[in-house]
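# give me coordinates for this.
(chains A and B)
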Amino acid sequence: MSPRIERALAPLLRAPATLPRPRVRYTSTQAPAYPLHVPINAFQRTLLAVGSAFTSLRDTGRHDMVAVLSETTAGPFLPALRNKMRATPSGRQILRERPRITEASVDLAKLGAMKEGTLGRAYVDWLRRNKVTPDTRDPVRYIDDPELAYIMQRYRESHDFYHVLLGFGVSLPAELVVKWFELANFNLPVALLSGVFGPLRMEPAERRRLLRTYGTWALKCGGSAQCLIGVYWENEWEKDVGVLRRELGVFEPPT
Amino acid sequence: MKGSALMATRRQLASSLRTRSFASSSSLLNQSPPPPPSSASRPPPPPSADPATHFGFQSVPESIKESLVKGVFSSVASSYDVMNDAMSLGVHRLWKDHYVQKMNPHGGMTCLDVAGGTGDIAIRLLDHARDRHGDRETSVQVLDINAEMLEEGKKRFAKTMYHGPQVSFTLGNAEKLDTVADNSIDLYTIAFGIRNCTHVDQVLKEAYRVLKPGGVFSCLEFSKVTNPLLAQVYNIYSFQVIPNIGHIVAADRDSYQYLVESIERFPDQATFSRMIAEAGFTVSQREPWEDLTFGIAALHTGVKL
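A predicted model of the protein is given here:
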């Protein structure tokens, strides 16, 4: 039995005269570990996971709900992701320096002036084409360990780079292709959940195209490519996108 | 509806939801996860000369509490009614119906509905006067500190038959009713608003000033649950369910966290009743207040004699 389960069952296993009265916490006694941190218990986590799952399915525009779903379901999978990050030198550097990708930290003007074909230029062009900015990511709130919370935040902020690397936009079908890639690459439950239930909201023709062509490609590519969580994107602005793709093991999608 | 309509770009919605969220509107209390060292400086710390008051469970300078509360209600305004229904499972409607029935407006009363933003009470007052007494002279002035809430109220009233002399909207502060003359109001109502005011005693004093002799002050507000077992259940529901529903339904956890904390902070029935008496009102000895739903809400009444 895992130590956590043993600890939870210990009061029952001690065979007391009466069962111990459960102590209910009305507010969390745990102090916030980082700004905006909200410590929650298992009951609240379940409530949020179920609520966000249904809401994000019902209203596909609610990306904040996908964010909540990712945080509440990541639990045991984040330490595995952290290990993958620690396996590469760039990943270890990211964990040490904790860079953020926000409008304040990324000089979009400088990147936009770079040579055609570089990652920086491709990124800015992609942002412009899809009318988004780096600042529209929700902050992580429901993960207790600050390092794991940072990894989740990094995953969220790097999401755009996966789009650029794979060459997909922000429409629902495109997002789902990227989610399938993420499923194979990061093994996060939210990728599985949105990848499985998201297609229910698609047109039948699009869904067939997703499953037959792009879906299989995304899974194969994600499984064989290097784990993208460890890539220090801020150091690769000048690199040619094609070269970067080859280095990371990302191959072109079928047309 | 499907297909191209589903291609809503994620960030545009997310960014509009975030600007609605209370977290992003009050940088003083809730900073975003630490930005890189070279970013712009943080807002200056509040001056220590300001006396501190409570904002939910947080301690804030008195001078900014008003703007924080304004921020909360600006962000909840558009989903206010939906969230009230979700949180109270519709029971808030029963409370408000009972409140108005007990007050029984009739005979061309001049009513002042303070913190009445979305017009819940005001509509009920006018409907009650018209339905039960055939009275179309009773008028209600809806006063609120928050313009967005008032806008929601105006929108609601636009769908009814009431207009012109029977209803008016004023942007104002319950602690300082500059636009209302002394001894001019027959019925002063404030429903679920007084706990958000910085100086409750000041609100009560102003209420006393504007009421006519014989005028009635009545307040519907959250209070303490009397039954200890139910109090535990209610507490769990308040702190472990409501903020999460707020996040899911309204994309705003912090405003609802503030809400349940402010309910917890508000004095109990006996203390509040004493405060009303101290402001000069005569409170009934037989029934100083009425508990609703086991004390989750309480109806306090006082008369200016």
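# average pLDDT for the lengthiest helix in chain A?
Ranked by residue count, the top helix of chain A under DSSP state H comes out as helix A:146-166. Helix A:146-166 shows a mean pLDDT of 90.
# and stretch B:124-140, by the same measure?
Mean pLDDT, computed over stretch B:124-140, is 94.
# off-centre distance for that stretch?
From the chain centre to the centre of stretch B:124-140 is a distance of 23 Å (CA atoms, centre = their mean, to the nearest Å).
# contacts for it, please.
B:96-97, B:99-101, B:103-113, B:116, B:122, B:160, B:162, B:165-168, B:187, B:189 (CB atoms under 8 Å, 6 or more residues apart in numbering or on different chains). Backbone N, C-alpha and C define where each C-beta goes, glycine included.
# for stretch A:71-81, C-alpha coordinates in PDB please.
The C-alpha coordinates for stretch A:71-81 follow below in PDB (Å, rounded to 0.1, in the frame of the first residue of the first chain):
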ATOM      1  CA  GLU A  71      -5.000  21.400 -12.300                       C
ATOM      2  CA  THR A  72      -7.500  19.200 -10.500                       C
ATOM      3  CA  THR A  73      -6.700  16.100 -12.400                       C
ATOM      4  CA  ALA A  74      -3.000  16.400 -12.700                       C
ATOM      5  CA  GLY A  75      -2.300  15.200  -9.200                       C
ATOM      6  CA  PRO A  76      -0.100  12.100  -9.400                       C
ATOM      7  CA  PHE A  77       1.000  12.800 -13.000                       C
ATOM      8  CA  LEU A  78       2.900  16.000 -12.300                       C
ATOM      9  CA  PRO A  79       5.800  14.300 -10.400                       C
ATOM     10  CA  ALA A  80       6.400  12.100 -13.500                       C
ATOM     11  CA  LEU A  81       6.500  15.200 -15.700                       C
END
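# pLDDT below threshold where in the chain?
No chain was given, so I picked chain A. For chain A, the stretches flagged by pLDDT under 70 are A:1, A:6, A:8-29, A:136.
# actually, chain B is the one I wanted.
Short version for chain B, where the test is pLDDT under 70: B:1-49.
# just the strands in it please.
B:52-55, B:58-61, B:110-114, B:139-144, B:167-171, B:185-191, B:211-222, B:289-292, B:297-303 (DSSP state E).
# mind listing what's buried along the longest helix of chain A?
Within helix A:146-166, the residues scored as buried using 16 or more other CB atoms under 10 Å in any protein chain shown are A:147-166.
# counting neighbours, what do you get for B:A129?
Around B:A129 there are 25 other residues, counting by other CB atoms under 10 Å in any protein chain shown.
# follow-up on the earlier one: immediately after the longest helix of chain A, which helix or strand?
helix A:172-186 (DSSP states H and E).
# CA atoms only: put that next one into PDB for me.
The C-alpha atoms that make up helix A:172-186 are tabulated as PDB, following Å, rounded to 0.1, in the frame of the first residue of the first chain:
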ATOM      1  CA  LEU A 172     -11.600  23.600 -31.900                       C
ATOM      2  CA  PRO A 173     -10.400  20.800 -34.200                       C
ATOM      3  CA  ALA A 174      -6.800  22.200 -34.300                       C
ATOM      4  CA  GLU A 175      -6.800  22.500 -30.500                       C
ATOM      5  CA  LEU A 176      -7.800  18.900 -30.200                       C
ATOM      6  CA  VAL A 177      -5.000  17.700 -32.500                       C
ATOM      7  CA  VAL A 178      -2.500  19.500 -30.300                       C
ATOM      8  CA  LYS A 179      -4.200  18.000 -27.200                       C
ATOM      9  CA  TRP A 180      -3.700  14.500 -28.700                       C
ATOM     10  CA  PHE A 181      -0.100  15.300 -29.200                       C
ATOM     11  CA  GLU A 182       0.200  16.500 -25.700                       C
ATOM     12  CA  LEU A 183      -1.400  13.300 -24.400                       C
ATOM     13  CA  ALA A 184       1.200  11.200 -26.000                       C
ATOM     14  CA  ASN A 185       4.000  13.600 -25.000                       C
ATOM     15  CA  PHE A 186       3.100  14.600 -21.500                       C
END
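# I'd like the next helix or strand past that helix.
Taking DSSP H and E, what comes next after helix A:172-186 is helix A:189-197.
# residues of whichever helix or strand comes after that next one that come out buried?
Following helix A:189-197 in sequence order, the next helix or strand is helix A:204-209 (DSSP H and E). For helix A:204-209, a neighbour-count test (16+ other CB under 10 Å) marks A:206-207 as buried.
# okay, helices next: where are they in the chain?
All of this refers to chain A. According to DSSP H, the helices that chain A contains are A:3-13, A:42-58, A:63-74, A:77-86, A:89-97, A:108-112, A:119-130, A:146-166, A:172-186, A:189-197, A:204-209, A:216-224, A:241-248.
# the intended chain is chain B.
Going by DSSP H, chain B shows helices at B:10-20, B:22-25, B:62-76, B:80-88, B:91-103, B:120-133, B:147-158, B:200-210, B:228-236, B:242-250, B:253-265, B:269-278.
# got TSV for those, with distance to A:N187 too?
Formatted as TSV, the helices of chain B follow (distance: least, CB to CB, whole Å):
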stretch	distance to A:N187
helix B:10-20	23
helix B:22-25	30
helix B:62-76	36
helix B:80-88	34
helix B:91-103	44
helix B:120-133	49
helix B:147-158	44
helix B:200-210	54
helix B:228-236	34
helix B:242-250	26
helix B:253-265	28
helix B:269-278	54
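# quick one: closest of those to A:L176.
helix B:10-20 (12.1 Å; CB to CB).
# neighbours of B:E137, how many?
B:E137, neighbours per other CB under 10 Å, totals 14.
# B:G119: how many residues sit nearby?
Neighbours around B:G119, by other CB under 10 Å: 26.
# ok, it - contacts?
Taking CB under 8 Å, 6+ apart, one finds B:142, B:152-154, B:156-157 in contact with B:G119.
# what sits against the spatially closest residue to it that is not a sequence neighbour?
The spatial neighbour of B:G119 that comes closest, neighbours along the chain excluded (CB to CB, 6 or more residues apart in numbering or on different chains), is B:G153 at 3.7 Å. Neighbouring residues of B:G153 by CB under 8 Å, 6+ apart: B:116-119, B:122, B:142, B:144, B:169.
# great, nothing more from me.
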